[in-house]
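[1] My questions are about this predicted structure, shown below with the sequence.
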Amino acid sequence: MKIGRTIENDYLLEMLGIVKRYPGVNALKGINFRVKRNTVHCLIGENGAGKSTLIKILTCAERMTQGKILLDNKPFLGKTVKDAMNAGISTVFQELNIIDQLTVEENLTLGREHQRGGILLRNAPDPSFAVLKEFAPDIPLKARVSTLSFAQKQVVEIVKAVSADAKIVIMDEPTAALSRVESEGLYDIIRKLKANGITIIYISHILDDIFSIGDYATVLRDGEIVGTRSVPQTERSELIRMMIGKVVQSKYLPVKGKTDTPLLRVRNLTTSMIRDFSFTLNKGEILGFYGLRGAGKSETARALFGLDKIISGSIEIENKPVSITSPRKAMRYGIAMVPEERLTEGLFMKLSVKDNIASSNYRGISHAGIANKKKTRDRVEKLVNELDVRIHSIEQQARTLSGGNQQKVVIGKCLNASPRLLILDEPTRGVDVGAKEEIYSIIRKLARENVSILVCSSEYDEIAALCDRVVLIAGGRIITTLSNAELDSQRVRMLTMNKGVMT
Amino acid sequence: MIELDFKEKTRRYSGGLKSFLSDWMILILFVALVTICMITMSKFRDPKNLFNIIRQASFIAIIAMGEFFVILTGNMDMSISAIIGMVSIFFAGFVVTMGAPVWLALIVVILMSVIVGIINGLLTIIGKMPSFIATLVVMNILRGFNFIYSGGLPISGLPQGFNFFGSGYVGVVPFPVILMFVIAIILYVFTTQTSLGRSFFAVGGNYEASKLSGINVRFVGILVFVICAVLTAIGALGLTSKTLAGNISLGDELLFDVMTIVVLGGTSLMGGRGRIFGVVIGALFLQVISNIMVLMGIATPWQWVVKGVILVTVVLIDSNTKRD
Ligand SMILES: Nc1ncnc2c1ncn2[C@@H]1O[C@H](COP(=O)(O)OP(=O)(O)OP(=O)(O)O)[C@@H](O)[C@H]1O
Ligand SMILES: [Mg+2]
């Protein structure tokens, strides 16, 4: 041991020469990743760059092919997730890892219950309860998790991870499902953790996150490290260039295809979650729904796609009243939807990319009920290229794709159905900056081809870059509808937030 | 207005009437059925008949509590009927043919069941076979062994004293009933008050997430098969003691009843949800129905039909109401 080593160059974690090979892919090609004690170290890069893989190796959820890990200057030889937890590594994984059948309280303490000799101690206070109360007072401890929304589940997971007694807290895209306000709540939590001497590894595609809380950022690309920068001394554009090799900028470009002929007209739509929604969507128009989580965005999408029961109100498509009671019917009217929870609702995890995409439209590729293999393959390959899905073969199982690429497959699946009306619920959640731009241009292209688009998003920049008109909602009601020119981030935030709190 | 919405939501979280009904439906139905029978059927309300019902339900309830654990983790154990046959025939064989003391024979057959449970668990969890197939295979192999060992014939002549297990009384209460409640209470505490108990629900709810929460999912996954086999062995010993004879086909018709009981008791076939006392009530429920049919003189084949209809109904209700 060297004497006189200063805290400044003391690394809490060193991952050296990490190699991970999956059959057919080299996910990590010899990574040297060092994290300084008590910093927030961001890990960024394109979809499929290997970020989650690196994290899974550190948390022992995956075995590395080669390499070594030093924790506190000592080799870390853990084999199971439990070993990693015991070594003080706590993780929010990218995929939700929460148990629907248990209550919030049971989930928060799962695996580290307060007990004496195996017997649970009832009503034993857990530090996580206080964290939850502060972060999300609307989530009751006794609620069964299956009754929570996607974002609420994410909140529970975050709370669980940050309140474990850990040295390192890892978060893999924790804000992907959160609204702006909630993200800011998370930043506060992270600052508090840091003040308590904890080190944080933070993965995100949202640059605002990085610049709000990051000390360092390491950029990964194709399983290799591009470089590490001190965040306060780095420009946004430089990080983007490091990630994707070019600078992109989202700017609203009015779509040519936009017409004034309505395709969809909704009047006084009411379900158990939304009340009196009236709006129209023209052919070739991109209409946005913006609001906080729980405001009613997804619920509108679900009602239009026949997933939620419509209590009252009417829907007209091309001036003809329609009754949409099931997704099957919705699809018959030419509606397709990219759902919010892609893992459970959008993808067949065990099927190949090809079968996933083909599943939405067997008619177009079948003759007399038998799917034409060559046609299927051509069609899927075309979509995969258009969407730039990073895979090594279209036979790859959806399960093995990185999070962002899974999202692209779900979109591909919908496009394959050649819809008239495409509903996208958080279309670029977990998608990298470059791919996001690609998805936007695909959406714009569809609109030019006269497809009507409905985008639900809790990201202001997305709405502003994409939508011709935006419906602002809060607390299950429409507040107002603005055209793109009228959008103003301050005002929009005020409108959607205030109403949520007002009684 | 919005405030109100919020309260509505909170109420929904804590359950609400619908989930209360789906959780307790079986109990409500059970109480209703028993009340009606008590009022309308004089043979039914005879205390001797009532005690008989509980006594007959008790061993099958113990076996169903074993199957409950397997189903709770999202698997299924088809081998229980063969385990019953094995325990019955080998126990009688050890005691009657080989002259072993009862206590020793008890220990040996329980150990044999533990081994069968471990094999079931290893094939399913480590071997990654669907539990349905793995345990079906084990069932057939066991049946083979049972037959080879006994030549298919029953072995009678167990000592009179062993009769206590299945037919004895403590005071006025039949011993099997006491045994059932003691086991149920122990398992209730185990499932609701211990961290290991909670992990069964977690593993059944989401295997991957449980693993990432640091739960030893393989151990839990295998353990349920062992618990199932051991409880099945206890039930089998009770059933054997009633006739004082070992019989390889003792459990042949029980698998269906056990599955019905577990589902009647509100256990989700998808895993992750269920209650021990639900299983006890399920067992009593099914026994009451059998009893009514016997009292009304309905022939056995018709009883099978009725039980089948009950199972279908319950599973239909279950899969259409519990989806949150
Ligand atoms: N189980 C697996 N089998 C085969 N390949 C896999 C498996 N898991 C991941 N991969 C591949 O490893 C690469 C890295 O994936 P990883 O999930 O680490 O990406 P990521 O940087 O987290 O991306 P994202 O931002 O989209 O989440 C991808 O090419 C992915 O397809
Ligand atoms: Mg990832």
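    In hand now; what should we look at? Ligands and ions are numbered 1, 2, ... in the order given.

[2] residue ranges with poor pLDDT in chain B?
    Applying pLDDT under 70 to chain B flags the ranges B:1-23, B:318, B:321-324.

[3] center of it - which residue?
    B:A64 (0.1 Å; Cα atoms, centre = their mean).

[4] any idea how far that residue lies from ligand 1?
    As for B:A64, its distance to ligand 1 is 39 Å (criterion: Cβ to the nearest ligand atom, to the nearest Å). Every residue, glycine included, has its C-beta placed from N, CA and C.

[5] Can you pull out the low-pLDDT segments for the stretch 401-503 of chain A?
    A:497-503.

[6] what does it put close to ligand 1?
    Residues of the stretch 401-503 of chain A found near ligand 1 (Cβ under 6 Å from any ligand atom) are A:401-405, A:432.

[7] Quick check, the residue in the stretch 51-200 of chain B closest to ligand 2?
    Going by Cβ to the ion, ligand 2 is nearest to B:K128 of the stretch 51-200 of chain B, at 25.7 Å.

[8] scratch that, the stretch 401-503 of chain A is what I was asking about
    A:G403 (4.4 Å).

[9] Would you agree that residue is in contact with A:E95?
    Yes: between A:G403 and A:E95 there is a contact at 7.4 Å, judged by Cβ atoms under 8 Å.

[10] neighbour count winner among those two?
    More neighbours surround A:G403 than the other of A:G403 and A:E95, with 23 against 19 (other Cβ atoms under 10 Å in any protein chain shown).

[11] Which residue is the nearest non-sequential neighbour of that one?
    Counting by Cβ to Cβ, 6 or more residues apart in numbering or on different chains, A:G403 lies nearest to A:G430, which is 4.6 Å off, once chain neighbours are set aside.

[12] State the helix or strand in which the residue nearest to the centre of chain B lies.
    Using DSSP states H and E, B:A64 falls within helix B:47-72.

[13] That helix and chain A, are they touching?
    No: judged by Cβ under 8 Å from any Cβ of the partner chain, helix B:47-72 stays clear of chain A, getting no closer than 9.8 Å.

[14] how about that helix: buried residues?
    Within helix B:47-72, the residues scored as buried using 16 or more other Cβ atoms under 10 Å in any protein chain shown are B:49-50, B:53-72.

[15] what's the neighbour count on residue 86?
    I went with chain A, as the question did not name one. There are 11 residues near A:N86, going by other Cβ under 10 Å.

[16] wrong one, chain B
    Neighbours around B:M86, by other Cβ under 10 Å: 28.

[17] how about A:I225, secondary structure?
    Classification of A:I225 using DSSP: H, G, I helix; E, B strand; the rest coil returns strand.

[18] thought it was touching A:I31?
    Yes: counting by Cβ under 8 Å, A:I225 does reach A:I31; the two are 5.7 Å apart.

[19] of these two, who's got more company?
    Taking other Cβ under 10 Å, A:I225 and A:I31 do not tie; A:I31 has more neighbours (23 against 20).

[20] what lines up beside the helix or strand harbouring the more buried one in the sheet?
    Following DSSP H and E, one finds A:I31 within strand A:25-36. In the sheet, strand A:25-36 lines up against strand A:11-22 (antiparallel) (DSSP bridges).

[21] Flag the shaky bits of the stretch 201-350 of chain A, pLDDT-wise.
    Counting by pLDDT under 70, the stretch 201-350 of chain A shows low-confidence ranges at A:246-251, A:253-258, A:343.

[22] can you do 50?
    For the stretch 201-350 of chain A, applying pLDDT under 50 flags no range at all.

[23] partner residues bridging A:V40?
    A:V40 forms beta bridges with A:I200, as assigned by DSSP bridges.

[24] That one against A:I213, yeah?
    Yes: between A:V40 and A:I213 there is a contact under Cβ under 8 Å: 5.1 Å.

[25] Give me the more crowded residue out of those two.
    Remark: of A:V40 and A:I213, A:V40 carries more neighbours, 26 against 21, as counted by other Cβ under 10 Å.

[26] which residues does residue 265 contact?
    You didn't pick a chain, so chain A it is. A:R265 makes contacts with A:280-281, A:315-317, A:319, as judged by Cβ atoms under 8 Å, 6 or more residues apart in numbering or on different chains.

[27] meant chain B actually
    B:26, B:64, B:68, B:274-275, B:277-283 are the contacts of B:G265 under Cβ under 8 Å, 6+ apart.

[28] since we're on residue 81, how many residues are nearby?
    No chain specified, so I'll use chain A. Neighbour number of A:V81 under other Cβ under 10 Å is 23.

[29] you looked at the wrong chain, it should be chain B
    23.

[30] what's the burial count for the nearest residue to the residue nearest to the centre of chain B once chain neighbours are set aside?
    What sits nearest to B:A64 in space, not counting adjacent residues and going by Cβ to Cβ, 6+ apart, is B:I261, at 4.2 Å. Residues lying near B:I261 (other Cβ under 10 Å) number 30.

[31] which residues sit in contact with B:I261?
    Applying Cβ under 8 Å, 6+ apart, the residues near B:I261 are B:60-61, B:64, B:279, B:282-283, B:285-286.

[32] would you turn those into CSV with distance to A:L220?
    Below are those laid out as CSV (distance: Cβ to Cβ, whole Å):
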residue, distance to A:L220
B:I60, 59
B:A61, 57
B:A64, 53
B:V279, 51
B:G282, 54
B:A283, 57
B:F285, 59
B:L286, 59
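
[33] In terms of distance to chain A, which of the residues you listed ranks first?
    B:V279 (17.0 Å; Cβ to the nearest Cβ).

[34] Pretty sure that closest one sits in a helix.
    Yes: under three-state DSSP, B:V279 falls within a helix.
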